[in-house]
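Trainee: fold the following, please.
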Amino acid sequence: MDLSIIIPVYNEGRKIDKDIQLAAQFLSFNKMSGEIIISDDGSTDDTMDILGKIRNELDMPLRIIDNKNHKGKGYAVKSGILEAQGKVILFIDSGACVPYDEILPGIDMISKGQCEIAHGSRFLKDSLITGRKQWYRRLMSYAFRKFIHLWARIPYNLTDTQCGLKIYKREVALELYGQCITEGFMFDVEIILRAVKAGYKIKEFPISWTADLDSRLSVTATFFSIFTELRRMKDKIEC
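Mentor: Take a look at the predicted model:
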């Protein structure tokens, strides 16, 4: 199997049909053998009912992971990746923020051996932001990017640790996510720290990105959980 596409979801009943259609079209158009994995983080809306109907109608593999309890995006992504069968594994956020065609450069970099991990980035020279987040989300994002490089010593060539498009060589994804302890928003940072420590090469590529104003991310809740998650992961990784 060429590619596994993991889409973590939480109460995405209004979006998930379009997400799956776009992923299926991408695989079909590029003649890739693959699978779509929806990892549900304990949704309380009609997401699971909609997924059941879609699976009966789709003409390619659709796997649904029903995490009964809401634990966090990191847990949902990890659950999906550890079940994936593709030679290349990626996760992408729900909401069609990034056009699927723009995944190809990242897959190509991994296929050519240029890196083991490819990240989409909203902040490279050739990236294009076509819809902006609310001002307070932009402010928090900017402050976080500055903080994370200083405190966690994330390499400065990585401009967008939180972009919801990351692509991995299969063995690397299974290794890193098998070790991951962070269930919430900061899992991306833990995976990067573990990858750097293991000597894996991470490269970014530019993307077009449109803000999803229907985000499940709570600025207030995230702010108060960031430092707890970061301290725990950093102590664990440095041990």
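Trainee: can you give me phi and psi for N56?
Mentor: phi -70, psi -20 (degrees, to the nearest 10).
Trainee: ok, now which ones touch I202?
Mentor: Going by C-beta atoms under 8 Å, 6 or more residues apart in numbering, I202 touches 115-119, 155, 158, 192, 195-196. All C-beta spots, glycine's among them, are computed from the backbone N, C-alpha and C.
Trainee: from these, which land in strands?
Mentor: 117-119 (DSSP state E).
Trainee: most neighbours of all these, which one?
Mentor: Most neighbours among the ones in strands among the contacts of I202, by other C-beta atoms under 10 Å: A118, with 27 neighbours.
Trainee: that one contacts E204, correct?
Mentor: Yes - counting by C-beta atoms under 8 Å, A118 does reach E204; the two are 7.5 Å apart.
Trainee: can I get stretch 44-54 in CSV? Just the C-alpha atoms.
Mentor: The C-alpha coordinates for stretch 44-54 follow below in CSV (Å, rounded to 0.1, in the frame of the first residue of the first chain):
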residue,chain,number,x,y,z
THR,A,44,-20.6,13.7,20.6
ASP,A,45,-22.3,14.8,17.4
ASP,A,46,-23.4,12.7,14.4
THR,A,47,-19.9,12.1,13.1
MET,A,48,-19.9,8.4,13.7
ASP,A,49,-23.3,7.9,12.1
ILE,A,50,-22.2,9.8,9.0
LEU,A,51,-18.9,7.8,8.8
GLY,A,52,-20.9,4.5,8.8
LYS,A,53,-23.0,5.6,5.8
ILE,A,54,-19.9,6.9,3.9
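Trainee: so which bits of that stretch are buried?
Mentor: For stretch 44-54, burial by neighbour count (16 or more other C-beta atoms under 10 Å) applies to 47-48, 50-51, 54.
Trainee: could the residues you listed go into TSV alongside pLDDT?
Mentor: Shown next, in TSV, are those (pLDDT from 0 to 100):
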residue	pLDDT
T47	97
M48	96
I50	96
L51	96
I54	95
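Trainee: which of the residues you listed fall in helices?
Mentor: 47-48, 50-51, 54 (DSSP state H).
Trainee: so which of the residues you listed is the closest to I129?
Mentor: Nearest to I129 among those, counting by C-beta to C-beta, is T47 at 27.5 Å.
Trainee: wait, the closest one touches P8, no?
Mentor: No - assessed by C-beta under 8 Å, T47 is found out of contact with P8, at 11.4 Å.
Trainee: which other helices and strands contact the helix or strand hosting D40?
Mentor: Counting by DSSP states H and E, the element that carries D40 is strand 34-41. Counting contacts by 3 or more C-beta pairs under 8 Å, 6 or more residues apart in numbering; DSSP states H and E, strand 34-41 packs against strand 3-9, helix 16-29, helix 47-57, strand 62-67, helix 73-83.
Trainee: report the inter-axis angle for the last one versus strand 34-41.
Mentor: What it means is helix 73-83. 150 degrees (axes from the mean of the first three to the mean of the last three C-alpha atoms, to 10 degrees).
Trainee: how about the CA coordinates for helix 73-83, as CSV?
Mentor: In CSV, the C-alpha atoms belonging to helix 73-83 read as follows (Å, rounded to 0.1, in the frame of the first residue of the first chain):
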residue,chain,number,x,y,z
LYS,A,73,-5.8,15.4,19.1
GLY,A,74,-2.5,13.7,19.9
TYR,A,75,-4.2,10.6,21.0
ALA,A,76,-6.4,10.5,17.9
VAL,A,77,-3.4,11.0,15.6
LYS,A,78,-1.4,8.3,17.4
SER,A,79,-4.3,5.8,17.2
GLY,A,80,-4.6,6.3,13.5
ILE,A,81,-0.9,6.1,12.7
LEU,A,82,-0.3,2.9,14.7
GLU,A,83,-3.0,1.2,12.6
